[in-house]
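structure here, sequence nowhere to be found:
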DNA sequence: CCAGACGTTGTT
DNA sequence: GTCTGG
DNA sequence: CCAGACGTTGTT
DNA sequence: GTCTGG
């Protein structure tokens, strides 16, 4: 799974690397906590030339009230790729409402002797990447407000992620750069969509432990330092 | 028929 | 131990 | 996901 | 909206 990630590069750099327009205001985010349902940049199937800001936490179209939406979105930050075609919250989005969720790193915790050790995971080449996402547009009938939301697909962990995320052995689905266009193309069969649901190649990712600033209540975690390496002597026992 | 769920995980 | 809030 | 609470009352 | 459980 993946409930915390980062996108720490500038808007113009995102435009250059992905060849898209990004017209909204944008400040790099060092720590996006899914449970705050913040707006993050995505590229949708329906508007593949543009980066848009959607709220993390998918609200299905059939939700009736804002209260129900708020309950559900805390549980739709991720969608299991194995069941995404069946689940009521996701099945109407996977066929024709896929998106790329732009990121440059994500956070997971290792369990060791009953303590949690946060890690930052990123590509060895240092570039941005895209999670496989699905999106939905929801209208609040009380206020008329439209909210565009997304969820990040998950799959089983590759060896590096299994070592880090040792309690659950899951990881987000990452789309290889060469397949961005295909993920966003219309008329993919169920099998073609399913062919994306693989762990990302182990050899291409890197990771290190970080301090617990990432979940600090008193300090602002949305700062550059959040992803800096932090050494835990007790973890040396693992190597 | 209506009411209620609709999700992610993991499991000393 | 388990739930809620962020 | 983690951090932090973990209660009483009554309720448009 | 659509399915499950009662």
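Okay, I see it. These numbers were taken from a predicted model, which means no experiment stands behind them. Numbers count the residues shown, from 1 in each chain, chains lettered A, B, ... in the order given.

now the most centrally placed residue in chain A: how far from residue A:78?
Nearest to the geometric centre of chain A sits residue A:152, at 4.8 Å (Cα atoms, centre = their mean). Remark: distance between residue A:152 and residue A:78 (Cβ to Cβ, to the nearest Å) = 5 Å. Quick note: C-beta positions are derived from backbone N, CA and C, even for glycine.

which residues are common contacts for these two?
Residues touching both residue A:152 and residue A:78 (Cβ atoms under 8 Å, 6 or more residues apart in numbering): A:2, A:172.

rewinding a little: is the residue nearest to the centre of chain A in a helix, a strand, or coil?
strand (DSSP: H, G, I helix; E, B strand; the rest coil).

excluding chain neighbours, what is closest to it?
Excluding its sequence neighbours, the residue lying closest to residue A:152 (Cβ to Cβ, 6 or more residues apart in numbering) is residue A:131, at 4.7 Å.

so for that neighbour, what's the pLDDT?
pLDDT recorded at residue A:131 is 97.

what strand or helix carries it?
Assessed by DSSP states H and E, residue A:131 sits inside strand A:129-139.

you'd agree the residue nearest to residue A:152 is up against residue A:100?
Yes: at 7.4 Å, residue A:131 counts as touching residue A:100 under the criterion of Cβ atoms under 8 Å.

shared neighbours of the two, anything?
Contacts common to residue A:131 and residue A:100, judged by Cβ under 8 Å, 6+ apart, are residue A:175.

ok, residues contacting the least confident helix or strand in chain A by mean pLDDT?
Least confident helix or strand, chain A: helix A:66-73 with a mean of 89, by mean pLDDT, DSSP states H and E. Applying Cβ under 8 Å, 6+ apart, the set of residues contacting helix A:66-73 from outside is A:37, A:55, A:57-60, A:63, A:89, A:138, A:140, A:142-143, A:147, A:149.

got the buried residues for it?
The neighbour-count check on helix A:66-73 (16 or more other Cβ atoms under 10 Å) flags A:66, A:69, A:72-73 as buried.

same question for stretch A:163-177.
Buried, per 16+ other Cβ under 10 Å, within stretch A:163-177: A:164-166, A:170-175.

touching DNA strand C at all, that stretch?
No: using Cβ under 7 Å from any atom of the strand, stretch A:163-177 stays clear of DNA strand C, coming no nearer than 13.7 Å.

quick check: mean pLDDT of that stretch?
90.

is DNA strand B contacted by it?
Yes: counting by Cβ under 7 Å from any atom of the strand, DNA strand B is contacted by stretch A:163-177 at A:165, A:167-170.

measure that stretch end to end?
25 Å (Cα to Cα, to the nearest Å).

now do the strands in chain A.
A:4-7, A:29-33, A:39-44, A:47-56, A:78-80, A:98-103, A:105-112, A:115-123, A:129-139, A:146-156, A:170-172, A:174-175, A:205-209 (DSSP state E).

now distance to residue A:215 too, for those strands, in JSON lines please.
Formatted as JSON lines, the strands of chain A follow (distance: least, Cβ to Cβ, whole Å):
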{"stretch": "strand A:4-7", "distance to residue A:215": "8"}
{"stretch": "strand A:29-33", "distance to residue A:215": "8"}
{"stretch": "strand A:39-44", "distance to residue A:215": "19"}
{"stretch": "strand A:47-56", "distance to residue A:215": "17"}
{"stretch": "strand A:78-80", "distance to residue A:215": "18"}
{"stretch": "strand A:98-103", "distance to residue A:215": "19"}
{"stretch": "strand A:105-112", "distance to residue A:215": "9"}
{"stretch": "strand A:115-123", "distance to residue A:215": "7"}
{"stretch": "strand A:129-139", "distance to residue A:215": "21"}
{"stretch": "strand A:146-156", "distance to residue A:215": "19"}
{"stretch": "strand A:170-172", "distance to residue A:215": "19"}
{"stretch": "strand A:174-175", "distance to residue A:215": "23"}
{"stretch": "strand A:205-209", "distance to residue A:215": "14"}
